[in-house]
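**Q** All I have is the shape, not the residue letters:
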């Protein structure tokens, strides 16, 4: 993919936490002390299995949910401390979100033209006489034909609805977009169209993305760097090349082994994770992956590993990170014939 990044940090997440109080004694740790940075024109992929907290991070960053602790800095300014309608509106214009379900995120009672025109009218981004021209420019950018303007969301297929969602996010000319599993509900051919559109828009507009997905192959295609999450914590963070070539965390190795392969001449060796998943409710101070890890030792059940830089630009939270790939043969695997 084309690289439009520079060395400027646009978004910085610092020690972000989101807890849910279940009762007087139980608290669910959905996001637990997460930190990362996203540069201008950069895409960071956030991957992990369902329930790991990746979508919660996106909604908290967009202030759709209130954080328990931590900061989100946009151009060096903590968005949770912003007061005043003018500054709040400035943040909302710079940060947008594309939701997973392209149907429920669009107003079913409004036509496509009204959905796209809403931001221009609400924020006074253009005069009434300029509205038609602005809408045409926006639709040309994402490939929406004028014939669709008078249709309702239910009259469009999933791919076209998601393109409308992307166009709505772009209408305010944002600097940063959270893409919350935007292609998971779409066919593979439509997924490719949406991903290529996002990459083209990034190149043209220098937009930064947080791309949330459970599909590592999709994330590899669009991302510059990737963070792997497990039960509310980032366990590995690196450039995509380093993550795929020199994987350091055993959970990341297991995820990579589950990617479907198209090489018909080789067998696929998939790592089978056994053991119980640790409860995110009042979690113990231990490695949360330890009960399922083939490398776990007593220290893993006694001390939670910190996310530290094991190699330049490559961070991992594992007591035995440098030994994970070497010891991968000790994991239980199943061999699948690709023929």
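**A** Right, received. Where do you want to start? The structure presented is a predicted model; accordingly, all values stated were derived computationally and were not measured. Residues are numbered from 1 along each chain as shown.
**Q** other SSEs contacting the longest helix belonging to the chain?
**A** Ordering each helix of the chain by length in residues (DSSP state H) puts helix 188-205 first. The helices and strands touching helix 188-205, judged by 3 or more CB pairs under 8 Å, 6 or more residues apart in numbering; DSSP states H and E, are helix 128-142, helix 158-170, strand 208-213, helix 216-222. Every C-beta, even on glycine, is put in place using the N, C-alpha and C of the backbone.
**Q** redo that, cut-off 7 Å
**A** With contacts taken as 3 or more CB pairs under 7 Å, 6 or more residues apart in numbering; DSSP states H and E, helix 188-205 sits against helix 158-170, helix 216-222.
**Q** That one - what's its average pLDDT?
**A** Average pLDDT, helix 188-205: 91.
**Q** what's the answer for stretch 56-67, then?
**A** Averaging pLDDT along stretch 56-67 yields 96.
**Q** which of the helices and strands packed on helix 188-205 has the lowest average pLDDT?
**A** Among the helices and strands packed on helix 188-205, helix 216-222 scores lowest, with a mean of 89.
**Q** And the next helix or strand past it?
**A** Next along the chain after helix 216-222, taking DSSP states H and E as the criterion, comes strand 225-230.
**Q** how big is the angle separating that next one from strand 208-213?
**A** Interaxial angle, strand 225-230 versus strand 208-213 (axes from the mean of the first three to the mean of the last three CA atoms, to 10 degrees): 40 degrees.
**Q** chain center to strand 225-230: distance?
**A** Chain-centre distance of strand 225-230: 9 Å, with CA atoms, centre = their mean, to the nearest Å.
**Q** Run through the neighbouring helices and strands of that strand.
**A** When contacts are defined as 3+ CB pairs under 7 Å, 6+ apart, strand 225-230 sits against strand 43-47, strand 233-239, helix 240-245, helix 250-257.
**Q** In CSV: the ones you listed, plus mean neighbour count, mean pLDDT and distance to residue 122.
**A** Below are the helices and strands packed on strand 225-230 laid out as CSV (neighbours: other CB atoms under 10 Å; pLDDT from 0 to 100; distance: least, CB to CB, whole Å):
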stretch, mean neighbour count, mean pLDDT, distance to residue 122
strand 43-47, 26, 96, 28
strand 233-239, 25, 96, 36
helix 240-245, 17, 92, 37
helix 250-257, 23, 90, 41
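**Q** out of those, nearest to residue 131?
**A** Residue 131 sits nearest to strand 43-47 of all the helices and strands packed on strand 225-230, at 31.1 Å, using CB to CB.
**Q** Name every strand pairing with the closest one and say which way it goes.
**A** Taking DSSP bridges as the criterion, strand 43-47 pairs within the sheet with strand 208-213 (parallel), strand 225-230 (parallel).
**Q** Could you list the residues in contact with the last one?
**A** The contact list for strand 225-230, computed with CB atoms under 7 Å, 6 or more residues apart in numbering, reads 36, 44-48, 52-54, 219, 234-240, 243, 249, 251-252, 255, 288-289.
**Q** before we move on, what about the first one?
**A** Taking contacts as CB under 7 Å, 6+ apart, the residues outside strand 208-213 that touch it are 10-11, 38-47, 54-55, 58, 175-181, 184, 198, 202, 219, 222-223.
**Q** Buried ones only from these, please, as a ChimeraX command.
**A** Command for ChimeraX, covering only those of the contacts of strand 208-213 found buried under the criterion 16 or more other CB atoms under 10 Å:
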select :10,11,38,39,40,41,42,43,44,45,46,47,54,55,58,175,176,177,178,179,180,181,198,202,219,222,223
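**Q** where in the chain is pLDDT low?
**A** Residue ranges of the chain with pLDDT under 70: 1-6, 262-268, 324-339.
**Q** same thing but at 50, please
**A** The chain contains residues with pLDDT under 50 at 335-336, 338-339.
**Q** now the farthest one out in it, which residue is it?
**A** Residue farthest from the centre of the chain, counting by CA atoms, centre = their mean, is residue 129 at 37.7 Å.
**Q** how close does it sit to residue 51?
**A** 50 Å (CB to CB, to the nearest Å).
**Q** repeat for residue 79
**A** From residue 79 to residue 51 the distance is 26 Å (CB to CB).
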